[in-house]
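Chemist: With the sequence up front, the predicted model follows.
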Amino acid sequence: MDELAFFRLTGARAGGLGPADGLRPALFARFADLTALRYDFPLVALAPEDGSFMPLSQIVDDALAAAAPKGVGGERMRRSALRVEREIRTMLARGDRGDIATLWPRAVDRLAMRGGEAFVLDASAVRAAIKTAGVLIPCESEVGSLVVSHIWREAQARKATRARQTIDALAQRLGDLVRADLMRSETGRRPDALRAGVGTRHQDTFDFTLMATLLSAPSGATALTPVRRARIERTIAALRRQRFFAAELPYVFAFDRVEEALAAYADRLPAMAGLVRAMSVAELELRNAYDEERHDEYFARFDERSLTPQELALFPDYLVRLHAAGADAAGRARIVEGLTSGAPLKIVFVTDDAFGLGAHLATTAMGLGDAYVVQSSAAQLYRVRDRIAAAIDFAGAALISVFAPTAEMTALPPYLVAGAATESRAFPTFAYDPAAGMGWKERFALLDDAAREGVWTDHELEFADADGRRTVTPVSFTLADLALADARRANELARVPRALWSDALVPVASAVSVSANGHVPFVYAVDADAGLHKVAIADRLVQLTRRCAEAWRRLRELDDLKREPLAAAAAAPAPVADAAPTVTNAAAEAGPAVAVAEAPVTDEPYIETPRCTTCNECTNLNPRAFAYNENKQAFIKDAKAASYRELVEAAENCQVAIIHPGKPRDPAEPGLDDLVKRAESFR
Amino acid sequence: MTLDITQCLLDRGEQPRDLSDYQSGMPRWCDGCGDNAILTAMQRLCRDNDLAPERTVFVSGIGCSSRLPHYMKTYGFHGLHGRALPIAEGVKMSRPDLTVFVSTGDGDCLSIGAAHWIHAIRYNMDLTVLLHDNRIYGLTKKQVSPTSPLGTKSNTTPKGSYLDALNPLSVTLGVANVSFVAQVVDWIPEVLYQVLSAAYQHKGLSFVRIIQRCPEFMPGFFDPYLQDPSRTMLLTHENGLTLSPDIARTYRNQRAHDPRDLAAARDVASLEDPIPVGILYHDPDAARYEELRHAGALRTADQVRRGLDAELDKFTIWPERG
């Protein structure tokens, strides 16, 4: 067995095969130093009204648009600002941290020696035009946690402000009730209370003792009963005591362990029920609708089981920050437990292993059905910020799974590797929103749209061959390529010396789709000096790559559900054409599209009640015969109670002519001939 | 905000109200006065929407129309001549949780209160405004109002009035941020009720001109319209008025009109005969002033005291500061 086949099957390197240390995916060749490039990162954390986040480059561009003059001076200012921006990137890559206010002047100081006075002036002019302040977040291992925490914090602050306003208003208005009652009470009418009521300037002007004797007890029995006053005071105290919203002694809502968050939530449920009870009692009291007989017992039995989703949604969400390194099988089980517990946990799960089980956590969580799920690599976070915000606002549990490389994994720039994790399909970007609809079609969205047709993304690799000729070869970027950027996969890779390059080496993308004996899959790599290498892949990694392709296909199938209805509609048979149209045509010819009632034909007197304008004419004429209905419109209550003369006169007096006297009931009534004639026009 | 559980307890606790829960006193309007029909429609509206009397306010200015709050068993404010709208705006500003109706007449609103009228339309606060338009000053025994037809003989114009009547609909539809304009006649109670309901449901200022009879000082003026239904043109649309079979039988003169169409609404507004009846214009998205200005913000007793002190200090003379 040759050494390539031996390596493929066992992962053991023999003969000329060497380790792949120091090699990078060949497509990385052009990206050595990211600090020189302008991209999404670093992000600047902003207040929510400014959009939560903005890339530093965008902020600098905005400042330049505002500050840079036209012409040569403006161009010089632009260059100066871009140098500062690049320096800030370099400082962040070296480990410095801070906000624009601290890092900008430090970057300027570092460049001032070479830049001279003009540079310093330009840089401070641009700095003055930057209106936003906020911490800079570079793309590094903590980025997922920082971004989600920022969005979560802002969302909780919004929630707390709203809830505090409601609670404070209730407490204050209850306080007003007690105060008003006190002013009416005997205590409130005592001389000292009256003196306190007029303020210091006029305390000697009046005789308050005399005033107290003049003020008599208020009329009516509207004073608060001692029981009600005690209940109101208890309620005010409960509202003031709450610890959920911007309280003096606030609860903590950010955790590093699922079980701690769940325990805290369970512990606080009684307090939540207590606060909701106090709010509800307050609302009833303020409407004067608290009925002790009915409500005392209800509220005595009120506990956390009585809380409805609307009330639960008022309360803060629990942030849980987890790292895959600390999540073994038991840890992952706890995450699933947390997501199904009913508690509003917002779990941000950060992994640096695109090959491990942690990378499938989000797909698993989607299967739970009722948790909001977002998956994104660190490089895509800015793009999916709205989805993260929606996950935090979602009334229920959410999982935000983020891939962010660590120093342990690779020495390559984290942004590049994170982007590669998305590109290689190892960590696709998607969101699952249970509230968006009833099916996968509405709920699931695959957010990577590049190269939807194939499994892998296709690129061209350009290099000089042995004779120095420019050569272009198509390559796919796969999970196996990503393995070159993960030190922990080194054992599954072997550098193939040029002497062993042969037709037996096949690109990994084709080896994954067509398995043939005798072939050894490889990926292209480059070394530090830009030398091109082929790296053989052991079977274990080939299998992982195949699984990765499968996982991607499944996600795409789910996403394709969105597109199906169009195809289905096109294929569906045309609606049956012979039943409905005749009806439609008949209706169209009938004129106005409303039903038309016909006048009743009767000899009895009647009133077109719906047309009555409540003018009191007929009811004043004979209140026994004419009366108002529940809508205060007239009808004939008792026709026998009116003579035919009265009926005819009522008809004549009615301003809207809606009274119809009918035929005379008593043929002996005097003057009937004349009355019948007069009634003619009211038939 | 009201919690679900509170709402549930409230719903169980309250007896359904009937018309008498909103009736107060015997109206002093003349027999046959259109105000009676408007009052009945308002009482029905309150009952059917189960408006709590203690959370409902009727504000009025001066005139026959403005007696309406007296006959409603709710909160009421019989204000100054022409000033119904600013009072109502003040109520809404400090208590946006209350339902506020405004009753005003053709003199009260369109003459002495015209400035307030224009700006109230523009402010678009959530008020339901009923313009009781009988085209005459009735309370003071017959003087011309801005809507009196040309040639109206009255105590102030014994030889007949000199100017064409003002058209309140056209003016209202010309004001920026207008959001709801309708016209009804008092003698078709069903449609009156329907339009007032739509006006009440609209969030923003709904302006309803109610053409009403004054049997005392404009006797017989509207008789031709009462006797010939074809001289009333009902505006129908799925977004506006849909007619019952009874009404459709009597009033066959109908026109389809989409209330979202401002230009068409202005055309309709200029019609005088037949009288157009229905919803002329409706824009549910117009900005509302009380929301822009965060009405109903919480004020503690201390804040109120400081505010009052600051106001009173403006008028205080401080001799010791000489």
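Modeler: Now that the structure is in, tell me what you want to look at. Numbers count the residues shown, from 1 in each chain, chains lettered A, B, ... in the order given.
Chemist: Just confirm residue A:665 contacts residue A:636, I think it does.
Modeler: No: with contact defined as CB atoms under 8 Å, residue A:665 does not reach residue A:636; the gap is 12.0 Å. In this view, the C-beta of every residue, glycine as well, is placed from N, C-alpha and C.
Chemist: Compare those two (neighbour count), which wins?
Modeler: Neighbours were counted for residue A:665 and for residue A:636 using other CB atoms under 10 Å in any protein chain shown; residue A:636 has more, 24 against 15.
Chemist: quick one: that one from residue B:190, how far?
Modeler: Applying CB to CB, to the nearest Å, the value for residue A:636 to residue B:190 is 19 Å.
Chemist: which residues in the stretch 401-550 of chain A form strands?
Modeler: With DSSP state E, counting those that start in this stretch as the criterion, the stretch 401-550 of chain A has strands at A:430-432, A:444-446, A:457-464, A:470-477, A:493-496, A:505-507, A:520-526, A:532-537.
Chemist: my bad, should have said the stretch 51-200 of chain B
Modeler: Here the stretch 51-200 of chain B has its strands, by DSSP E, counting those that start in this stretch, at B:56-60, B:75-78, B:99-105, B:128-133, B:180-185.
Chemist: residue in the stretch 1-150 of chain A nearest to chain B?
Modeler: Closest approach between the stretch 1-150 of chain A and chain B, counting by CB to the nearest CB: residue A:49, at 15.3 Å.
Chemist: how about that residue, secondary structure?
Modeler: Following DSSP: H, G, I helix; E, B strand; the rest coil, residue A:49 is assigned to helix.
Chemist: mind putting the strands of the stretch 401-550 of chain A in a markdown table, distance to chain B included?
Modeler: Converted to a markdown table, the strands of the stretch 401-550 of chain A look like this (distance: least, CB to the nearest CB, whole Å):
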| stretch | distance to chain B |
| --- | --- |
| strand A:430-432 | 28 |
| strand A:444-446 | 29 |
| strand A:457-464 | 44 |
| strand A:470-477 | 48 |
| strand A:493-496 | 60 |
| strand A:505-507 | 57 |
| strand A:520-526 | 57 |
| strand A:532-537 | 59 |
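Chemist: Report the mean confidence score over stretch A:143-156.
Modeler: If you average the pLDDT over stretch A:143-156, you get 92.
Chemist: Please apply the same query to stretch A:210-230.
Modeler: For stretch A:210-230, mean pLDDT rounds to 78.
Chemist: just stretch B:10-29 next, same as before
Modeler: Across stretch B:10-29, the per-residue pLDDT values average to 86.
Chemist: The residue nearest the centre of chain A: what's it in contact with?
Modeler: What sits nearest the mean C-alpha location of chain A, by CA atoms, centre = their mean, is residue A:390, with 1.6 Å. Going by CB atoms under 8 Å, 6 or more residues apart in numbering or on different chains, residue A:390 touches A:372, A:431, A:433.
Chemist: Could you look up the SS state of it?
Modeler: Three-state call for residue A:390 (three-state DSSP): helix.
Chemist: who touches stretch B:263-277?
Modeler: The contact list for stretch B:263-277, computed with CB under 8 Å, 6+ apart, reads B:167, B:169-170, B:173-174, B:181, B:183-185, B:188, B:191, B:195, B:211, B:225, B:230-235, B:253, B:255, B:257-259, B:280-281.
Chemist: Look up how far residue A:431 lies from the residue nearest to the centre of chain A.
Modeler: Taking CB to CB, one finds residue A:390 at 8 Å from residue A:431.
Chemist: what touches both of the two?
Modeler: What both residue A:390 and residue A:431 touch, as defined by CB under 8 Å, 6+ apart, is the set residue A:372.
Chemist: Number of residues surrounding residue A:20?
Modeler: Residue A:20 has 25 neighbours, counted by other CB under 10 Å.
Chemist: Same question for residue A:73.
Modeler: Using other CB under 10 Å, residue A:73 has 12 other residues around it.
Chemist: how near is it to residue A:125?
Modeler: In terms of CB to CB, residue A:73 sits 10 Å off from residue A:125.
Chemist: Just give me the neighbour total for the nearest residue to residue B:157 once chain neighbours are set aside.
Modeler: In this structure, residue B:157 finds its nearest non-sequential neighbour in residue B:144, 5.1 Å apart by CB to CB, 6 or more residues apart in numbering or on different chains. Residue B:144 has 23 neighbouring residues, counting by other CB under 10 Å.
Chemist: lowest-pLDDT helix or strand in the chain?
Modeler: With no chain named, the answer covers chain A. helix A:580-589 (a mean of 39; mean pLDDT, DSSP states H and E).
Chemist: List the neighbours of whatever helix or strand comes next after that helix that are in contact with it.
Modeler: Later in the chain than helix A:580-589, the nearest helix or strand by DSSP states H and E is strand A:606-607. For strand A:606-607, contacts defined as CB under 8 Å, 6+ apart pick out A:600, A:618, A:626, A:634, A:635, A:636, A:658, A:659, A:660, A:662.
Chemist: will you turn the strands of the stretch 401-550 of chain A into a markdown table that also has mean pLDDT and mean neighbour count?
Modeler: Output for the strands of the stretch 401-550 of chain A, formatted as a markdown table (pLDDT from 0 to 100; neighbours: other CB atoms under 10 Å in any protein chain shown):
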| stretch | mean pLDDT | mean neighbour count |
| --- | --- | --- |
| strand A:430-432 | 95 | 24 |
| strand A:444-446 | 91 | 18 |
| strand A:457-464 | 86 | 14 |
| strand A:470-477 | 90 | 14 |
| strand A:493-496 | 90 | 24 |
| strand A:505-507 | 88 | 18 |
| strand A:520-526 | 90 | 24 |
| strand A:532-537 | 90 | 24 |
